[in-house]
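Peer 1: Any chance you could fold what I've pasted below:
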Amino acid sequence: MNCTEAKPLLHAYLDGELGLESALEIERHLEQCADCARERAALASLSVALGDPALRFGAPEALRRRVGAPVAGEAAGGATAPGGGGGLSQALPDGRLRVRRSRCSPS
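Peer 2: Below you'll find the predicted structure:
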């Protein structure tokens, strides 16, 4: 693997999103390439900095209630839109969201 192949994969590597073979190839490259190793270190530092709890902003309570009410209704199997049923999604018991197909027909 060379720098041109490795650099676009560094984010995925740091996030643990690569398969074993690709991850090992990048690790071998990083052992030999100081430039890519520096870039990996910089990306890792950025990731740590962005995870700082001081950077998080909590939503105001009024917004939490406004957003939470429809979500709670979906989880309970209720309507997905404020005006009643017919929404485009439905919360499933396991927490996944089922998206319904549009009922519109093309003109």
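Peer 1: Could I get the full set of helices for this structure?
Peer 2: With DSSP state H, the ranges of helices along the chain come out as 3-6, 10-14, 20-32, 34-50, 61-75.
Peer 1: remind me which residues of the chain are low pLDDT?
Peer 2: Applying pLDDT under 70 to the chain picks out residues 71-107.
Peer 1: Counting neighbours, what do you get for Pro53?
Peer 2: 5 (other Cβ atoms under 10 Å). Every C-beta, even on glycine, is put in place using the N, C-alpha and C of the backbone.
Peer 1: sorry, back to before: using TSV, lay out the helices of the chain together with mean neighbour count.
Peer 2: Shown next, in TSV, are the helices of the chain (neighbours: other Cβ atoms under 10 Å):
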stretch	mean neighbour count
helix 3-6	13
helix 10-14	16
helix 20-32	14
helix 34-50	12
helix 61-75	12
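Peer 1: if I pick Ala37, what's in contact with it?
Peer 2: Leu30, Glu31 (Cβ atoms under 8 Å, 6 or more residues apart in numbering).
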